[in-house]
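**Q** take a look and give me a structure for this.
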Amino acid sequence: MIAPHSSSTPARTVRSVRKAVVPAAGLGTRFLPATKATPKEMLPVVDKPAIQYVVEEAAAAGLDDVLMVTGRHKRAIEDHFDSAFELEQALAAKGDAVRLDAVRGPARLADIHHIRQGEPLGLGHAVLCARRHVGDQPFAVLLGDDLIDPRETLLSRMLDVHGRHGGSVVALMAVPPEQIRHYGCAAVEPAGEEDVVRVTGLVEKPSPRDAPSGYAVIGRYVLDPGVFDVLEHTPPGRGGEIQLTDALREPAAGGTVHGVVFDGLRYDTGDRAGYLRAVVRLACARDDLGPEFAAWLKEFAAGLEDGTAPVSRGLAA
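**A** Numbering: from 1, shown residues only. Next up, the predicted model:
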């Protein structure tokens with residue numbers, strides 16, 4: 001069994017990769033009606049939209065050029081990462097330095113660009129839309145539905161592995177057999193490091209009996225620009241979409257794809273239950289909210305056990 005990477009693993013930032021691509025064109029149908037007029041990426045996780053955590057993760061790993069691949073009705077994302085002159089002026093006039101810094105923060109994280117996908121043709125197509133911006137440089141892809149806890153160093157570790165091995169690097173996580181059908185799955189072999197494997201094959205959303213391993217591909221990638229040439233000729237796959245997993249199968253067969261095995265804190269914010277868990281976990285980790293919220297949570301959980309929590313009689317104070 002490969003030893004997974006966690007936040008205690010030493011990591012260094014590799015500066016040869018400076019660009020990140022964040023696909024954000026999905027419709028967010030699992031969160032309707034909340035996402036009827038609000039992009040799913042802008043749903044708040046405590047007091048920041050989910051996509052801000054993703055951009056902060058990229059910036060913390062040294063990626064200072066971020067391309068958002070969006071679609072129609074995603075203007076709120078562009079506005080969030082832009083200056084808000086009237087709001088900033090009002091906060092400055094009040095002397096509210098804390099909130100002023102919070103409002104200005106997103107625009108200062110990186111040099112942020114936006115492009116529209118046009119048609120919802122899959123993750124592979126969204127990545128292909130970034131070709132002109134990325135050029136012939138290696139780049140990272142961060143999926144907004146996979147929120148990695150800010151205390152983790154997964155992306156920095158992946159950049160470190162890419163810096164030494166080249167090619168492409170994917171993030172892998174062991175999942176129960178019954179869940180592998182929701183993910184791309186990697187066939188792997190040892191690569192001489194405790195948390196690194198060589199990926200020899202990839203299957204998109206296999207049944208448990210057809211899965212080559214228990215390792216799921218989660219939403220972090222460091223990609224060689226050669227993937228664009230493969231994507232251009234990759235036909236639609238599962239779900240009628242162009243799958244990034246399918247495009248990585250060819251370089252994996254050629255021995256140029258590695259995986260970093262991760263067992264740290266990850267939240268699937270594309271799922272309602274996962275989204276709620278992310279809010280609770282990250283709220284509990286906050287110095288300003290955690291102690292009071294955790295105390296209430298313990299009391300509430302105890303009430304669920306003994307039947308006194310008001311789970312069906314309206315909202316409690």
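**Q** tell me what the helix or strand where H162 lies is packed against?
**A** Using DSSP states H and E, H162 sits within helix 154-165. Applying 3 or more CB pairs under 8 Å, 6 or more residues apart in numbering; DSSP states H and E, one finds that helix 154-165 makes contact with helix 50-60, strand 139-142, strand 168-174, strand 215-223, strand 257-261. Bear in mind the C-beta positions are built from the backbone N, C-alpha and C, glycine included.
**Q** need the residues that contact that helix.
**A** 5, 9, 11-14, 16-17, 57-58, 60-63, 138, 140, 142, 148, 168-169, 171, 191, 193, 195-196, 220-222, 258, 260, 262, 264 (CB atoms under 8 Å, 6 or more residues apart in numbering).
**Q** hang on, the earlier thing: including mean pLDDT, distance to R99 and mean neighbour count, could the helices and strands packed on helix 154-165 go into JSON lines?
**A** Rendered in JSON lines, the data for those read as follows (pLDDT from 0 to 100; distance: least, CB to CB, whole Å; neighbours: other CB atoms under 10 Å):
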{"stretch": "helix 50-60", "mean pLDDT": "95", "distance to R99": "15", "mean neighbour count": "21"}
{"stretch": "strand 139-142", "mean pLDDT": "97", "distance to R99": "27", "mean neighbour count": "25"}
{"stretch": "strand 168-174", "mean pLDDT": "96", "distance to R99": "34", "mean neighbour count": "25"}
{"stretch": "strand 215-223", "mean pLDDT": "95", "distance to R99": "31", "mean neighbour count": "24"}
{"stretch": "strand 257-261", "mean pLDDT": "96", "distance to R99": "37", "mean neighbour count": "26"}
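**Q** between these, which gets nearest to D268?
**A** strand 215-223 (8.9 Å; CB to CB).
**Q** thinking again about what came up before, Throw the helices and strands packed on helix 154-165 into TSV and include distance to V103, thanks.
**A** Shown next, in TSV, are the helices and strands packed on helix 154-165 (distance: least, CB to CB, whole Å):
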stretch	distance to V103
helix 50-60	12
strand 139-142	23
strand 168-174	31
strand 215-223	28
strand 257-261	35
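**Q** among these, which is nearest R181?
**A** It's strand 215-223; of the helices and strands packed on helix 154-165, that one is closest to R181 (CB to CB) at 9.8 Å.
**Q** chain center to the closest one: distance?
**A** 9 Å (CA atoms, centre = their mean, to the nearest Å).
**Q** so that strand versus strand 168-174, what angle?
**A** With axes from the mean of the first three to the mean of the last three CA atoms, to 10 degrees applied, the angle from strand 215-223 to strand 168-174 works out at 160 degrees.
**Q** send me strand 215-223 as PDB with only the CA atoms.
**A** Below are the C-alpha coordinates for strand 215-223, written out as PDB (Å, rounded to 0.1, in the frame of the first residue of the first chain):
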ATOM      1  CA  TYR A 215      -7.400   5.100  -6.200                       C
ATOM      2  CA  ALA A 216      -9.700   7.800  -7.400                       C
ATOM      3  CA  VAL A 217      -8.500  10.800  -9.400                       C
ATOM      4  CA  ILE A 218      -9.500  13.900  -7.500                       C
ATOM      5  CA  GLY A 219      -9.700  17.500  -8.700                       C
ATOM      6  CA  ARG A 220      -6.100  18.600  -8.800                       C
ATOM      7  CA  TYR A 221      -3.800  18.200 -11.800                       C
ATOM      8  CA  VAL A 222      -0.400  19.500 -13.000                       C
ATOM      9  CA  LEU A 223      -0.400  19.000 -16.800                       C
END
